[in-house]
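J.: how would this look folded up:
(4 chains)
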Number of protein chains: 2
Amino acid sequence: MTAAEPRWRRLEPDARREQILACAVRLFGERPYAAVSTTDIAVEAGVARGLLNHYFGTKRDLYLEVVRRMVLLPDLDEAVASTGPLRARVEASVDWFLDTVSAHGKTFVAVTGAEGVGTDPEIEQILAAADDLAARKVLETVGRPADHDDAGHRAVVRAYGGLVKAAVREWARDETLTRGQVHLLLSQALITIVRDVLPGVAAKGDA
Amino acid sequence: MTAAEPRWRRLEPDARREQILACAVRLFGERPYAAVSTTDIAVEAGVARGLLNHYFGTKRDLYLEVVRRMVLLPDLDEAVASTGPLRARVEASVDWFLDTVSAHGKTFVAVTGAEGVGTDPEIEQILAAADDLAARKVLETVGRPADHDDAGHRAVVRAYGGLVKAAVREWARDETLTRGQVHLLLSQALITIVRDVLPGVAAKGDA
DNA sequence: CATACTTGTTGACTGACTGCCAATAAGTGG
DNA sequence: CCACTTATTGGCAGTCAGTCAACAAGTATG
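T.: As a prediction, the model looks like this:
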């Protein structure tokens, strides 16, 4: 008989990297960092443990990649109607967002989950960048065109992002709020922010 | 000459436990979980590493204790005027809260810091309990007395807690917002929630 | 079809870390 | 001064992450 199938298949670096990353995303999404061993990930991917280091460096580096992968909300730059009265724009924006979140299920909830104490600068930076991107997007859609790129405005909307995440958790994970209730909460809050808060948070001095 | 001072001092279990916990709080507040070894904590506390296990069991158990210690906002049950018009009560409440936070500096900011991905049920539960306690407190102060203990209302106010944490981070850590701006944001948002959102989140059916 | 070459992949080695437990000694009462 | 309680130590065993030289899968070459 001829030599049988090889013991392992040789993949393109990109493909192998992607496969490993996918397994890592799943495992890190289920258990906290310390409870996931590189051996677990290697077994899940069906490769030798040393290969993880070859592609990602250290375990922590792999984790950072996972976080980067999970935080970037797909189709974030999808256009949402940015004309019409404020309430209509806000509600359309919130609707689009809730649709996106419900489509990705638990993935979004997992990234927003606070893991307790412990300041990790690099993680913070990744999350901050994602929040800021989302904030710009919101301001672009519902913000007043005049000063939509003001730093103070972005900070307020980033804080609004905290409300959004917490509200989505209540809805998608804990089921303590319905989608309609979350929609109401987020819409009213955003309208209030645009109408009553942003004018008082001007770039130069206060109103 | 008499036998010199002993190589180590014997402490009351409570005292020793407290001392170790204090060191753990400091270290876990500076670095993420995996970057803090039990040896580090033991050295910091000046005790043998095995003593940590004796008092707290596993490293993870010690970490849970640290989180429990940090999340409970001291003097949370301090009375705040719960009479007068809504706006006055809300602003007094927000003021009290910002005072408390600024008094405890970075401690509060550290606990609210999301550490990325990874669902840790026990941590989530601890944080959820703290959030719910805070939510009850807020409802007690500014909520309408009729149905202040409604589950839906608590969920909305817990979500509001997400806004609070994010806003405080912008102010106390990143300094991208002033205290006045945070005060404005949190007050307006809370007023909107009490006025326009909670009535639409009734216990039985919707309005 | 056989051979040399490239490189994706493996497996073992090493240092670090955690949990465990019997021995030790600090403090106290008799 | 001595015996007793127990807080504390120190070392052992198992696990895990990072490194690297050797190996083999796939491809090009004659």
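J.: Next up, the contacts around the residue nearest the centre of chain A.
T.: Central residue of chain A (C-alpha atoms, centre = their mean): A:V71, 2.8 Å from the mean position. Shown in contact with A:V71 (C-beta atoms under 8 Å, 6 or more residues apart in numbering or on different chains): A:111, A:126-127, A:130. Where you see a C-beta, it was placed from the backbone N, CA and C, and this is true even at glycine.
J.: Check the burial of the residue of chain A found nearest DNA strand C by counting its neighbours.
T.: Scanning chain A for the residue nearest DNA strand C gives A:G50, at 2.3 Å (criterion: C-beta to the nearest atom of the strand). For A:G50, the neighbour count with other C-beta atoms under 10 Å in any protein chain shown is 9.
J.: Please name every helix or strand in contact with the worst-scoring helix or strand of chain A on mean pLDDT.
T.: Between all helices and strands in chain A, the lowest mean by mean pLDDT, DSSP states H and E belongs to helix A:106-112, at a mean of 73. Packing contacts for helix A:106-112, counted by 3 or more C-beta pairs under 8 Å, 6 or more residues apart in numbering or on different chains; DSSP states H and E, involve helix A:13-30, helix A:59-71, helix A:151-168.
J.: which secondary structure elements does whichever helix or strand comes after it contact?
T.: Scanning forward in sequence from helix A:106-112 by DSSP states H and E, the next helix or strand is helix A:121-142. Counting contacts by 3+ C-beta pairs under 8 Å, 6+ apart, helix A:121-142 is packed against helix A:59-71, helix A:86-104, helix A:151-168.
J.: Tell me where chain A is predicted with low confidence.
T.: Counting by pLDDT under 70, chain A has low-confidence residues at A:1-4, A:73-79, A:105, A:112-116, A:118, A:143-149, A:203-207.
J.: which bits of it sit near DNA strand C?
T.: By C-beta under 7 Å from any atom of the strand, the residues of chain A that approach DNA strand C are A:8-13, A:16, A:46-51, A:54.
J.: Closest to B:A92 out of those residues?
T.: Minimum distance to B:A92 across these is 57.6 Å, recorded for A:R49 (C-beta to C-beta).
J.: so what's the closest one closest to, chain neighbours aside?
T.: Among residues not flanking A:R49 along the chain, A:A42 sits closest, at 4.1 Å (C-beta to C-beta, 6 or more residues apart in numbering or on different chains).
J.: contacting residues around the one you found?
T.: Applying C-beta under 8 Å, 6+ apart, the residues near A:A42 are A:48-49, A:51-52.
J.: cool, A:R173 as well?
T.: Residues near A:R173 by C-beta under 8 Å, 6+ apart: A:106, A:109.
J.: Then A:V47?
T.: With C-beta under 8 Å, 6+ apart, A:V47 has these contacts: A:8, A:16, A:20.
J.: What about these, which one has the most neighbours?
T.: Neighbour counts for these (other C-beta under 10 Å) peak at A:I20, which has 24 neighbours.
J.: Tell me who's in contact with that one.
T.: So A:I20 contacts A:41, A:45, A:47, A:51-52, A:55-56, A:62 (C-beta under 8 Å, 6+ apart).
J.: and these as JSON lines, adding secondary structure and distance to B:V25?
T.: Converted to JSON lines, the contacts of A:I20 look like this (DSSP: H, G, I helix; E, B strand; the rest coil; distance: C-beta to C-beta, whole Å):
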{"residue": "A:I41", "secondary structure": "helix", "distance to B:V25": "31"}
{"residue": "A:A45", "secondary structure": "helix", "distance to B:V25": "37"}
{"residue": "A:V47", "secondary structure": "coil", "distance to B:V25": "39"}
{"residue": "A:L51", "secondary structure": "helix", "distance to B:V25": "38"}
{"residue": "A:L52", "secondary structure": "helix", "distance to B:V25": "33"}
{"residue": "A:Y55", "secondary structure": "helix", "distance to B:V25": "36"}
{"residue": "A:F56", "secondary structure": "helix", "distance to B:V25": "32"}
{"residue": "A:L62", "secondary structure": "helix", "distance to B:V25": "29"}
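J.: Could you identify which of those has the most neighbours?
T.: That'd be A:I41 among those, by other C-beta under 10 Å, with 25 neighbours.
J.: circling back to that earlier point, so how far is DNA strand D from the residue nearest to A:R49?
T.: Applying C-beta to the nearest atom of the strand, to the nearest Å, the value for A:A42 to DNA strand D is 8 Å.
J.: Please identify which helix or strand holds that residue.
T.: A:A42 is part of helix A:38-45 when elements are defined by DSSP H and E.
J.: Hey, what's the angle from that helix to helix A:13-30? Just curious.
T.: For helix A:38-45 against helix A:13-30, the angle by axes from the mean of the first three to the mean of the last three C-alpha atoms, to 10 degrees is 120 degrees.
J.: need the residues of chain A near DNA strand D, please.
T.: Applying C-beta under 7 Å from any atom of the strand, we find that chain A lies next to DNA strand D at A:6-10, A:36-39, A:49-50, A:53-54, A:57-60.
J.: Show me just the buried residues among those.
T.: The neighbour-count criterion (16 or more other C-beta atoms under 10 Å in any protein chain shown) marks A:36, A:38, A:59-60 among the residues of chain A next to DNA strand D as buried.
J.: Keep only those that also lie close to chain B.
T.: With C-beta under 8 Å from any C-beta of the partner chain as the criterion, those include A:R60 near chain B.
J.: Pick the one among the buried ones among the residues of chain A next to DNA strand D closest to A:A151.
T.: Using C-beta to C-beta, these come closest to A:A151 at A:R60, 31.0 Å.
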